[in-house]
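K.L.:
coordinates only, sequence not included:
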């Protein structure tokens, strides 16, 4: 995990240095941001719940007109959610024990490198400029973990609960295309600007193609990500 974070920070440094070279031109600006994310899996099947994570990243803007701005970002984002899965292999003739009949509560974390590209409109309020932006988002899931609790009956009908952690990167799609909508406002801060934003992100392409909460063929569903992200940033 430390290596991954170092790589993300390295990319951010390069990203910000490129924009820093353009500061002589008034159309360009850059900054950093951080915040929290509240994510869940969107699906037609039941038994899904939210997950709280964090995000940090950098952004650059290019002013097209006084009210329209092109905004690009590169962010580390924690997405995911909780899933409840039932396993019952006795329906196929297996003997009844903890490994053939159990219920698993999974708390999945998707470690994501996310690049949104948005068109931003600034409402002309002088004291507190409000910005509204929207556009596509391109994501790469470089790691995925599942912190789970599993409950089942032993062969002697004793209820046992165990917990553990699995790497489930291979279970989820590495690339995802999404749609992003953002609303926020600016606060002047000396020669800089504080940005406070609230964002909704929806996965257009599925993050998992074959999920069945009862682990049964022909009951699989595609699941997608939903994320609400709150950030505070600083424009230099």
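P.N.:
Arrived safely. Here the structure is a predicted model, which is why all the values come from computation and not from measurement. Numbering: from 1, shown residues only.

K.L.:
Kindly list the single helix or strand of the chain that scores lowest on mean pLDDT.
P.N.:
helix 2-20 (a mean of 54; mean pLDDT, DSSP states H and E).

K.L.:
Now do the SS call for the residue with the largest distance to the centre of the chain.
P.N.:
Outermost residue of the chain with respect to the C-alpha centroid, by C-alpha atoms, centre = their mean, is residue 156; its distance is 42.2 Å. Put simply, residue 156 is coil when judged by DSSP: H, G, I helix; E, B strand; the rest coil.

K.L.:
Give the phi and psi angles for it, as a check.
P.N.:
Main-chain torsions, residue 156, degrees, to the nearest 10: phi -100, psi 20.

K.L.:
so what's it scoring on pLDDT?
P.N.:
Residue 156 is assigned 81 on the pLDDT scale.

K.L.:
can you give me the strands for the protein?
P.N.:
28-42, 48-49, 51-63, 68-88, 101-123, 130-153, 159-167, 175-189, 192-203, 208-211, 221-235 (DSSP state E).

K.L.:
So which bits of the first one are buried?
P.N.:
Spelled out, it's strand 28-42. Buried positions in strand 28-42, judged by neighbour count with 16 or more other C-beta atoms under 10 Å: 28, 29, 30, 31, 32, 33, 35, 37, 39, 40, 41, 42. Heads up, the C-betas are built off the backbone N, CA and C, glycines and all.

K.L.:
Widest-spaced pair of these?
P.N.:
28 and 41 (37.5 Å; C-beta to C-beta).

K.L.:
Just list whatever residues bridge to the most centrally placed residue in the chain.
P.N.:
Closest to where the C-alpha atoms of the chain average out (C-alpha atoms, centre = their mean) is residue 79, at 3.0 Å. Bridge pairing for residue 79 (DSSP bridges) gives the partners residue 110.
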